[in-house]
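Visitor: Next input, structure requested:
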Amino acid sequence: MASISKLEKNSSYLKVLWSDGEESKFNYMWLRDNCPSAHDKDSRHRMFNILEVSQNINPKKYLVNNEGQLEIEWSEGDHKSYYDPKWLRENCYTLKNKKEYISPYELWDCSLEKNINSISIEHEEIVSSDEGLIKWLELLHFKGISIVKNAPTEKKSAFKVLNRISHTRETFFNTPFEVINIPKPNNSAYTAHALRNHMDLPWFELPPGYQFLHCLINASKGGDSSAIDGFAVADYLRKNEKEIFETLVSVPLKFRDKDYTQDSYRSFHAPAISLTKDQDFHDIRFSVATMDALDCHPDVMDKVYKAHHRFGNLLHDDKFQINFRLEPGDIFSFNNRRVLHGRTAFDPSSGHRHLQGYYMDRDEIIGRLNFLKK
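Guide: Below is the predicted model:
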């Protein structure tokens, strides 16, 4: 591990020269805010209030002590701070911002259909070992898609495997929600009609991060599933059709909940593609069925519709889409804000089709994976 070899005081930061030749800049307010004594030892919450010091706070004295720690006596508050060099190095924002960002996402296209076993995992493997759970979580996080095989087919039996991750997210559809053909449906999922590739609940401020469709019965003709990696389509547009991409990133579309059974009016504006701080893909928000009458500025409406039209067609393109049939005991699991899903029409008179659906927030998948890996 690198040690501190030299310190240099500047107007607003302390420069640290490391034994391996690297160099870090640590802002004075940042250092005071992150003093190890600032946090409660049990809750780990920061108890120190940075608002109580002036913006001119700086080290009155600073040195590397006999334990190799950075020791600072502050100009205000009669306080000393001691920083472990390992912690400083791990949290050094100078080095973090020098490092090239590498996306964790493994993008895929139609070729995944020929190798669909690569995203399959046995139910027993997940429920009986942390290694199996990690494998499933990695598929969900990196690929955005997985099919759990040979799960029980009793109603509500998916809770056992889902609770290996965390709690589910409740919505007005209830948990689980029943994907069956019903009279006078309040959602197109509850019909025998074909469903275009879409995300669920795009009119929520924060749509569910992951969705799990547990197949209990699939005995009717038709009803085959489709999925497409929205990040892969967005990546194609960013590289090949920049004007379309910029429109999809910059202009908010309008989505509305059209469920006639609801006593709430839910509506939300968001772009079709949103990015992270590192310009990686964050969300794909697309649903022809629940897009509201757009209210973009008249000067951009034509290009917005052309971009939406192009994006939507690519989101159904055979180059990107995979098709498969869910069997009883399958749990189709996917990132709802990345992987769009659909199905072909089915004939309800030819046999019964029954899926149960569950939602979970994205934080639960990533948080559980990070915990298990560490």
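Visitor: quick one: contacts of the lowest-mean-pLDDT helix or strand in the chain?
Guide: Every helix and strand in the chain was compared by mean pLDDT, DSSP states H and E; the lowest is strand 346-347, with a mean of 86. The list of residues contacting strand 346-347 from outside it, by Cβ atoms under 8 Å, 6 or more residues apart in numbering, reads 181, 192, 220-223, 353. Backbone N, C-alpha and C define where each C-beta goes, glycine included.
Visitor: Highest neighbour count among those residues?
Guide: Comparing those by number of neighbours (other Cβ atoms under 10 Å), residue 223 comes first, having 25 neighbours.
Visitor: what sits against it?
Guide: 192, 325, 343-346, 353.
Visitor: want to throw those residues into TSV with secondary structure and distance to residue 293?
Guide: Output for the contacts of residue 223, formatted as TSV (DSSP: H, G, I helix; E, B strand; the rest coil; distance: Cβ to Cβ, whole Å):
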residue	secondary structure	distance to residue 293
192	coil	28
325	coil	36
343	strand	27
344	coil	29
345	coil	27
346	strand	31
353	strand	33
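Visitor: ok, those residues vs residue 28, which is closest?
Guide: Proximity of the contacts of residue 223 to residue 28 (Cβ to Cβ) peaks at residue 343, which lies at 58.0 Å.
Visitor: moving C-terminal of the least confident helix or strand of the chain, what's the next helix or strand?
Guide: Sequence order places strand 353-360 as the next helix or strand after strand 346-347, per DSSP states H and E.
Visitor: that older thread, PyMOL command for the buried members of the contacts of residue 223?
Guide: To isolate the buried ones among the contacts of residue 223 in PyMOL, judged by 16 or more other Cβ atoms under 10 Å, type:
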select buried, resi 192+343+346+353
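Visitor: Find the pair from the contacts of residue 223 with maximum spatial separation.
Guide: 192 and 325 (15.7 Å).
Visitor: how much space is there between the closest residue to residue 109 other than its chain neighbours and residue 29?
Guide: Spatial nearest neighbour of residue 109, chain neighbours left out: residue 320 (5.0 Å); criterion: Cβ to Cβ, 6 or more residues apart in numbering. Remark: distance between residue 320 and residue 29 (Cβ to Cβ, to the nearest Å) = 47 Å.
Visitor: More neighbours: which of the two?
Guide: residue 320 (23 against 17).
Visitor: Surely that one is in contact with residue 228?
Guide: Yes - the criterion here is Cβ atoms under 8 Å, and residue 320 meets it with residue 228 at 5.0 Å.
Visitor: pLDDT below threshold where in the stretch 151-300 of the chain?
Guide: 182-191 (pLDDT under 70).
Visitor: What ranges does it have for its strands?
Guide: Taking DSSP state E, counting those that start in this stretch, the strands of the stretch 151-300 of the chain run over residues 177-179, 195-198, 210-218, 221-222, 225-229, 253-256, 267-270, 273-275, 281-284.
Visitor: For the shortest one, enumerate the helices and strands it packs against.
Guide: Packing contacts for strand 221-222, counted by 3 or more Cβ pairs under 8 Å, 6 or more residues apart in numbering; DSSP states H and E, involve strand 346-347.
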